[in-house]
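Participant: Structure for the following, please:
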Amino acid sequence: MTAFLKMHGLGNNFVVFDARGRGLALDAASAKALADRRFGIGCDQVIVIREGRNGADAVMRIYNADGGEVESCGNATRCVARLLMEETDRDRVVIDTPGGLLACTNAGGGNVTVDMGAPRFDWQSIPLAKDVDTNRFEIDGLEAAAVNVGNPHCVLFAGDVAALGPKLEAHPMFPARTNVEVVTVRDRGHLVMRVWERGVGITSACGTGACAVAVAAYRRGLVDDKVEVELDGGTLTIELRDGRMLMTGPATLAFKGEVDLKDYAS
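Facilitator: Next up, the predicted model:
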């Protein structure tokens, strides 16, 4: 049997495996089976923690519910950071992800702050299929913004995310697919957002998505450099400081369990 933790950040939920010091037989098919909410444990993403490298305290691998491996997940980063800080009795850790090194600090009250790095706006870095103004471009008659915050995002300032999410996720404009957010500006310090996560669907929260909408709104002069982003599952604080994105929010342990991974082998 293999131990796991069920964790969540504002309801964006994860099955977390600690593979440090031992092998873990996990591939895309088994991750998809584990994530299934009817026949598996059920989650938005499967997270695997491995030994640190490049000066990091640990490496984090991220599998979406469809089994695809992705570059970044802000809510999962806070959860893994909380585990590492409790384990080491430290207030700061660094996590190596496919999207880059992420420095995390204890923000108190069960909250963690993650330095998500600098957003990327160049069309090739997002990536997009062609050169456009990523601050404002048209896609299927919709006005959108695009940004990479460790993974690609398409931000809309109006629309129904349930209808637009699946269409835009797989749109030819996004060769690596994309996350899709619909955001409403309440005032200069308050955004309301719903998200369609690439490879998952609608989730109650998305940390990288909250960063993306804050950056997109800031580029258009609609908000200040520190905003509360209200999601279905709760609120994250995003601060834009010195060209970097600082995300603060909770990381919660739901329960511990064990699973026989042979039952999920492909």
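
Participant: I'd like the secondary structure assignment at Leu164, please.
Facilitator: Using DSSP: H, G, I helix; E, B strand; the rest coil, the secondary structure recorded for Leu164 is helix.

Participant: Please tell me how far it sits from Val180.
Facilitator: Leu164 is 6 Å from Val180, where distance means CB to CB, to the nearest Å. (Glycine included, C-beta is placed from N, CA and C.)

Participant: Which neighbours do the two have in common?
Facilitator: Overlap of the contact sets of Leu164 and Val180 (by CB atoms under 8 Å, 6 or more residues apart in numbering) consists of 156, 196.

Participant: Looking at the two, which one has more neighbours?
Facilitator: Val180 (29 against 21; other CB atoms under 10 Å).

Participant: got the contact list for the more buried one?
Facilitator: Val180 touches 153-154, 156, 161, 164-165, 168-169, 195-196, counting by CB under 8 Å, 6+ apart.

Participant: what's the spacing between Thr248 and Trp123?
Facilitator: 30 Å.

Participant: For beta bridges, what are the partners of the closest residue to Met116 other than its chain neighbours?
Facilitator: In space, Met116 comes closest to Met245 once its chain neighbours are excluded; the distance is 4.2 Å by CB to CB, 6 or more residues apart in numbering. Taking DSSP bridges, one obtains Leu240 as the residues bridged to Met245.

Participant: try the one 4 residues further on
Facilitator: Under the criterion DSSP bridges, Gly249 forms beta bridges with Val112.

Participant: Surely it is in contact with Leu231?
Facilitator: No - taking contacts as CB atoms under 8 Å, Gly249 lies outside contact range of Leu231: 9.3 Å.
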